[in-house]
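K.L.:
any chance you could fold what I've pasted below:
(chains A and B)
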Amino acid sequence: MTTTEATAPAPAVPTTPAGRAADYLDQRTGIGVAVKAFARKVFPDHWSFLLGEIALYSFVVLIITGIFLTMFFVPSMGLTTYDGPVTTLQGQTVSEAFNSTLRLSFEVRGGLLMRQIHHWAALIFVASAVTHMMRVFFTGAFRKPRELNWMVGFTLLILSLLAGFSGYSLPDDVLSGNGLRITDGVVKSIPIIGSYLSYFIFGGEFPGHDIIPRLFTVHVLLIPGLILALVGLHLLFVVLHKHTQYPGGGRTDKNVVGFPLFPVYVAKAGGFFFVVFGLLALMGGTMAINNVWNYGPYDPSPVSAGAQPDWYMLFLEGSLRLMPGQAEVVIGGFTLSLNVLIPAVVIPGLLFTFLALYPFVEAAITKDKSPRNVLDRPRNVPTRTGLGVAFLTAFIILALAGSNDLIATHFRLSINSITWVLRFALFIAPVIAFWCTKRICLGLQRKDRELVLHGHEHGRIVRTETGEYFEVHKPLTEQERWLRVNYTAHAPLELSEAAYDATTGEKNPRYRKAKRWSALSRFFFQDRIEPVTPAELEAAQHHAHPAPELAARQPETDGRVGS
Amino acid sequence: MNTPDVTTHETGREVTAATPADTFADPGLPDHKDRLADKDPKASRRAELQTVILFAISVIGTISMMIVFFTVPLDGTTAGVRTQNLALGLCLGFALLGIGLGAVHWAKTLMSDHEVVEERHNVATEPEDREQAVAALAAGVKDSGIARRGILKGAVVSALALFPLAIAVPLVAEVGGDWNIGKFRHTLWRRGTRLATDPTGRPIKASDVTIGSAYHVIPYQEDIPEDVRPGTHGWIDEKAKAIVLMVRLDPAVLKEAEDRKDWSHDGIVAYSKICTHVGCPVALYEQQTHHLLCPCHQSTFDVADGAKVVFGPAKRPLPQLPITVDDEGYLVAQSDFLEPVGPSFWERLK
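P.N.:
Residues are numbered from 1 along each chain as shown, chains lettered A, B, ... in the order given. Alright, predicted model coming up:
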């Protein structure tokens, strides 16, 4: 509209107010170039692309509600006597942090709503980030050129966990205090520096009087600042690479098919922000969360059973619960708490390392150097899909273990047997999940082949004049077929190095490494289903056709089939 | 859709024959399907009206929120806060959802849904640009003379590598307080410190403790230094280490190590309440089995048998507090714990 007119070099003086404003701005910023580039920028459409948007919008909601909360929250562990409206707590010695949390909940109009929206938004923020990451993983959206953006997203995930944890601890209630105490215990288990690290965090012995103000700074400045910067980088990469798209007719690695940013995505994405915020507001209004006045201020002595951390910390909690205590060892007089170190540091370390490095491993075993902008259908990469499901299975089992006391009380089971079952399940279930998923993927691929080669079944049996029976199949449309044949089935890497040097007969030093990569590549791509080629389709059709004179008569009846 | 080609089901193996065309051709974009509002002006007007209604709902939501905010008072009761929170949340929700759903509905029904194709460009820089970039860097390096001036390079690198110390050292030195991790080894308990109930702080007479009963115990406030008594900040730090769980067992079921026979009094034993796993308070006592369960990670300790671990992620028994009675019959500690309480740490045994 007028903005684009203003960017034109023509000396025509803009007449409308909007035109004059745009001209003023453009003379000073050259914004016309950006408007030209972005106004009609094309984005592809798919519901799964909204997951990342939910994460972004909940983050914005977190900032809005968070600013509200900082106006009333006092990040101090100084002691005071509670004399507010909550009768059960009157006269108790509480920290300023706990006191102000109660004040902003009970004495500030809309304060409780903002607090509850903030907490729900935090849970949804991490949940949508995780599901967004799952979408990216299962569709292979991390492939070239997006490996670095995967790393940015991975860092964002870690930061969002830290953001959630630091915020959870701020009200200084019994639950969050015990959460911090567990953190202290975990930190102390770290060899050599553990005790000092605990002092580093708490400014002395647990709990000290520094942790709340420190966490406050981490929660409202350090982490949101980093998240904001990395979200910017994350989106910059999306603009730079242009969004990936699902496979389909006309969608290639060299184009992007969708709708223009202005007006469609301004309305859709802008509207979606309000939808997310609106739903979070409804949640904050109708669903109570973290009623700290029921738990009471932090006191090192009480603790209640059935107290669960926020969902994204459950896997760590479960990991701690599953580990048998025997693993603690003493070496040369020094205590090595492997019973804490393994579940709280090593296992999450392994899980996160897998996530962070996966794109690079896959790039190495496919030797695929071309940009991949069309997404994979998960079935077409069975081993990746299987590994992803195995990963999620391990994550879910750990989260279940983090709720084992609730499972025990709800289903009246022995907590010891649940723990034992989950201990075994942590090792066995991911393997089974991997195997089943891979087989299901291969089965779906075979089904796709079958469909492409032989068409849709109709269930209509035709008898020829000669007494021969056959079932009429309807071939796939071009679009249906293209969806099922347009993929690459990677073959295992050939071993690139010989065991011995051909001329000198000496052992080749690079042989072992090449052999390992080749073995990994075989693990990924040994079982694979190739897409149907035109020749195969033709052969199948040729082979399947009945006698020519019969085929010629067939179309007369076919129009009604399957309607 | 109603293509005249007919194939029949074939159960045998597919015939694989090599032909030059080994991949299918891209059929191009699917045909555009008109929406109702594209074809029918009535449907289009209906969609517009629906959008208007949604935005109107938002306006109503915002106005209602203002009304609720100024009319529903905060009476300080939990129920009153709940009611106001519910009303505000619903109004805000509708105010936002009206805008959101309105905009999305507008985009989905009335804005063009013809797909647009945009070409992608190479992310990588074009070769000639790359050459120019490399040349620019090379010229810069040459201008600076960094390649020839080895000492200068060393000086720059050293200065840049060292200066962060100027910020890191003061920070790290101060952030850990006095860094005296020896405090892990000591608690408030001393010889003669009376055992008191938590949280009321009344000293406990041995004669009042019945068999099977369990007490949450803290040091009696008259017997500890003033700066760490309840109500001070130091108290929370000290309480975090000093809390004890005391149980009186039938002497018949109590198994005691030889060297600890005199650590209990008449079946009354006292153990640190801090889990040896990661430090949660081990608060759940089951009278029938004499088991003490940590609600955080379910480490289970047998109080009748030296608080040994019978299940869960903890390795070590809970440290025992040696107790006895004073002249007046009050339970008192014989000394501090003889080992550090709480979770393990690297130097624990040193």
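
K.L.:
helix or strand: which one has the closest residue to chain A within the stretch 101-250 of chain B?
P.N.:
Chain A sits closest to B:Ala103 of the stretch 101-250 of chain B, with a gap of 2.9 Å, by Cβ to the nearest Cβ. C-beta coordinates here come from the backbone N, C-alpha and C atoms, glycine included. Under the criterion of DSSP states H and E, B:Ala103 resides in helix B:78-109.

K.L.:
and the next helix or strand after that helix, anywhere near chain A?
P.N.:
Per DSSP H and E, the first helix or strand lying C-terminal to helix B:78-109 is strand B:116-119. Yes. Counting by Cβ under 8 Å from any Cβ of the partner chain, chain A has neighbours in strand B:116-119: B:Val116, B:Val117, B:Glu118, B:Glu119.

K.L.:
residues contacting the second one?
P.N.:
Taking Cβ atoms under 8 Å, 6 or more residues apart in numbering or on different chains as the definition of contact, the neighbours of B:Val117 are A:Val42, A:Gly250, A:Asn255, A:Val256, A:Val257, B:Leu29.

K.L.:
nearest spatial neighbour of the residue in the stretch 151-300 of chain A that chain B sits nearest to, chain-adjacent residues omitted?
P.N.:
At 1.2 Å from chain B, A:Gly285 is the closest residue in the stretch 151-300 of chain A, using Cβ to the nearest Cβ. Spatial nearest neighbour of A:Gly285, excluding adjacent residues (Cβ to Cβ, 6 or more residues apart in numbering or on different chains): B:Gly89 at 1.2 Å.

K.L.:
any idea how far A:Met77 is from that neighbour?
P.N.:
31 Å (Cβ to Cβ, to the nearest Å).

K.L.:
and the pLDDT for B:Thr16?
P.N.:
We have a pLDDT of 42 for B:Thr16.

K.L.:
how about B:Thr7?
P.N.:
So B:Thr7 comes in at 35 (pLDDT).

K.L.:
please enumerate the strands of chain A.
P.N.:
Secondary structure of chain A by DSSP state E: the strands cover A:42-43, A:79-81, A:93-95, A:255-260, A:328-331, A:334-337, A:456-463, A:469-474.

K.L.:
present the ones you listed as CSV; the columns should include mean neighbour count, mean pLDDT and distance to chain B.
P.N.:
Below are the strands of chain A laid out as CSV (neighbours: other Cβ atoms under 10 Å in any protein chain shown; pLDDT from 0 to 100; distance: least, Cβ to the nearest Cβ, whole Å):
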stretch, mean neighbour count, mean pLDDT, distance to chain B
strand A:42-43, 22, 94, 4
strand A:79-81, 15, 95, 6
strand A:93-95, 23, 95, 6
strand A:255-260, 20, 95, 5
strand A:328-331, 14, 94, 4
strand A:334-337, 22, 94, 4
strand A:456-463, 13, 88, 7
strand A:469-474, 18, 86, 4
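
K.L.:
between the ones you listed, which gets nearest to B:Val341?
P.N.:
Across the strands of chain A, B:Val341 has its closest neighbour in strand A:334-337 (14.0 Å, Cβ to Cβ).

K.L.:
can I assume B:Arg191 is in contact with B:Thr324?
P.N.:
No. Using Cβ atoms under 8 Å, B:Arg191 is not in contact with B:Thr324; the gap is 9.5 Å.

K.L.:
so where is chain A shaky, pLDDT-wise?
P.N.:
A:1-11, A:544-563 (pLDDT under 70).

K.L.:
pLDDT score for whichever residue of the stretch 201-350 of chain B sits closest to chain A?
P.N.:
The stretch 201-350 of chain B approaches chain A most closely through B:Val278 (2.7 Å), counting by Cβ to the nearest Cβ. According to the prediction, B:Val278 has pLDDT 95.
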